[in-house]
Structure formats: structure tokens, C-alpha cells
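**Q** The amino acid sequence is not available; the structure is as follows:
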């Protein structure tokens, strides 16, 4: 039995290093448990003439599934089709990688209607995340899977 040890809380300088270590260990565990070892990051960005990122997305693919973790468009550019361009590109790349499912989360104050309008189906909701709001999980079958 492992003795109880104190937890060391860390701040920004060490956060990225610990996050990477934990992601790697969880990926290794998941790979061993599922036999799926085709995980890869997926991301895309749009920049302005000065090279600044004005929109983008990131996530990962593995085992026929794509997970988008973040999708963002600069506030001044919203409503101009850039979000649609990003999600369409993510879906197309996911299909190229053999994915037939894309999942993502959003909050009630973000873009649930944006995803619903693009064929995403609500797969879950967490009330009170964050306090006073809701977090939605959405899924969409890709490649004609509905």
C-alpha cells in the first residue's frame, strides 16, 4: 500500500509540463486498454495580414473519433461564416483521418445553437458548469452517417 503523500499545487510555469505528462500517461493507458494507437492532434488557424491568430480550433483524433476541445473566432469577426469555415475544415480533416464521429463541448453562453444548426446532436448537459450556466456535449456522425 502506498503511504499518503502531500499534494503539491503548481502554478503556470509548471502547468504545461505536468499537463503534457498527464496527457501522455492517460494516452498510454487508453492505448493499452483499447488497442488503439492512432491518436493525433488536430488543429487549424486563420491569421490576419499581421500574422495574428484571429480564429482557430484544436483537439485530437483517435479510433475513428474526433474531439474538438476549443473553437474560437475573434469577437469582431463573429457572424461572418468563419466559425462555419473552421468546423467544416475540422470535419473534413477528421473524415480524411478515418473518423466517423466528432464530439465537442460548449456552454449555454457560447455556441450551442451554432452547433445544432450544423447537425450536431446534444448528447449530454451538465447543469451548474460553471455556476449559473450549463455545459453541453454535442456529437455528429461524419461522412453521411447523420
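**A** That came through, no problem. Only a predicted model underlies this, so the values are computations on that prediction, with no experimental measurement involved.
**Q** List the buried residues of the top helix by length along the chain.
**A** Looking across the chain with DSSP state H, the single longest helix is helix 12-34. When burial is assessed from 16 or more other C-beta atoms under 10 Å, helix 12-34 yields no buried residues. All C-beta atoms are positioned from the backbone trio N, CA, C, and that covers glycine.
**Q** Next: stretch 88-95.
**A** 90, 91, 93, 94, 95.
**Q** tell me the secondary structure for the third one?
**A** The three-state label for residue 93, taken from DSSP: H, G, I helix; E, B strand; the rest coil, comes out as helix.
**Q** what does the longest helix of the chain rub up against?
**A** 10, 36, 37, 39, 62, 63 (C-beta atoms under 8 Å, 6 or more residues apart in numbering).
**Q** Which of the residues you listed fall within strands?
**A** Among those, the residues falling in strands (DSSP state E) are residue 62.
**Q** Tell me the most packed of the contacts of helix 12-34, by neighbour count.
**A** Each of the contacts of helix 12-34 was scored for neighbours by other C-beta atoms under 10 Å, and residue 62 scores highest at 18 neighbours.
**Q** Who are the contact partners of that one?
**A** If you count contacts by C-beta under 8 Å, 6+ apart, residue 62 has them with 30, 36, 38, 39, 40.
**Q** in this protein, which spans are strands?
**A** Going by DSSP E, the chain shows strands at 40-47, 53-62, 65-73, 101-107, 121-127, 134-141.
**Q** What strands flank the third one, and is each parallel or antiparallel?
**A** This means strand 65-73. strand 53-62 (antiparallel), strand 101-107 (parallel) (DSSP bridges).
**Q** what angle do the first one and strand 40-47 make?
**A** It refers to strand 53-62. Calculated by axes from the mean of the first three to the mean of the last three C-alpha atoms, to 10 degrees, strand 53-62 forms an angle of 170 degrees with strand 40-47.
**Q** Only the buried residues of strand 53-62, if you could.
**A** Those would be 55, 56, 57, 58, 59, 60, 61, 62, for strand 53-62 by 16+ other C-beta under 10 Å.
**Q** Averaged pLDDT, that strand. What do you get?
**A** Regarding strand 53-62, the rounded mean pLDDT is 97.
**Q** Quickly list the domain ranges of the protein.
**A** 9-37, 39-141 (automatic domain parsing).
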